[in-house]
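*Asks:* Structure for the following, please:
(one chain, ligands or ions: 3)
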Amino acid sequence: MGKWIMGVLLVAAPCMAWSAEPAASRNQELRFNQMFHNLDTNNTGKISRAEAELKAPAIAENFDHIDVNHDGGLTKKEIKDAFLAADNKRREFSRNLDAADKDKDGKLSRDETKVLPNMSANFDEIDSNHDEQLVMKEIADYVRAKGNADAASGAMQ
Ligand SMILES: [Ca+2]
Ligand SMILES: [Ca+2]
Ligand SMILES: [Ca+2]
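*Replies:* Ligands and ions are numbered 1, 2, ... in the order given. Predicted structure coming up:
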């Protein structure tokens, strides 16, 4: 588990990683409020697209996705929900990788990726050094090249 989850948490982590771990939640709440306040330059309680573009490109890129009620502003709740969803996706992704890595050597062989159809289909593209093994770095680079954590989960379906 360790190898994969560490790698995955490094992959496509948004500008601020959000975690559902209760132990860390107080600190994160403070950091989150600070970040929100920092982004909300005109203190409307919502982050506009312009505000996001100014300071948080990762949020701006996913603006429409995060703006669930499509009012053109991101509330704290909308951003939090998006972070939590991304976090869950990363966890699910790492669980899938961990389950696929049957011999637990921290690499996925072509055979091991058979349970992950999209990864299996893109094996040659992901295997950048062509050694017939996917390591976390290769998967991370692939996910990064594809844009974000959604691509990561997409690669799993
Ligand atoms: Ca909104
Ligand atoms: Ca393996
Ligand atoms: Ca490789």
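*Asks:* Quick one: name the residues of this structure near ligand 3.
*Replies:* Contact residues (C-beta under 5 Å from the ion) of the chain with ligand 3: D127, N129, D131, Q133. For the C-beta atoms, the positions are set from N, CA and C on the backbone; glycine is no exception.
*Asks:* How are the strands of the protein distributed by residue range?
*Replies:* Ranges of strands in the chain, per DSSP state E, are 47-48, 73-74, 107-109, 133-135.
*Asks:* Reformat the ones you listed as a markdown table; add mean neighbour count and mean pLDDT.
*Replies:* As requested, these are exported to a markdown table (neighbours: other C-beta atoms under 10 Å; pLDDT from 0 to 100):
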| stretch | mean neighbour count | mean pLDDT |
| --- | --- | --- |
| strand 47-48 | 22 | 97 |
| strand 73-74 | 23 | 97 |
| strand 107-109 | 20 | 97 |
| strand 133-135 | 20 | 96 |
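*Asks:* before we move on, the earlier item: top of the residues of the chain next to ligand 3 by neighbour count?
*Replies:* Neighbour counts for the residues of the chain next to ligand 3 (other C-beta atoms under 10 Å) peak at D127, which has 19 neighbours.
*Asks:* pretty sure that residue is touching L134, no?
*Replies:* Yes - the criterion here is C-beta atoms under 8 Å, and D127 meets it with L134 at 5.8 Å.
*Asks:* What distance do you get for D105 to Q133?
*Replies:* 8 Å (C-beta to C-beta, to the nearest Å).
*Asks:* overlap in contacts of the two?
*Replies:* Residues touching both D105 and Q133 by C-beta atoms under 8 Å, 6 or more residues apart in numbering: none at all.
*Asks:* residue furthest from the geometric center of this protein?
*Replies:* The centre of the chain is farthest from one residue, N42, which by C-alpha atoms, centre = their mean lies 28.5 Å away.
*Asks:* quick one, phi psi at that one?
*Replies:* Backbone torsions for N42, taken as degrees, to the nearest 10, come to phi -100, psi 10.
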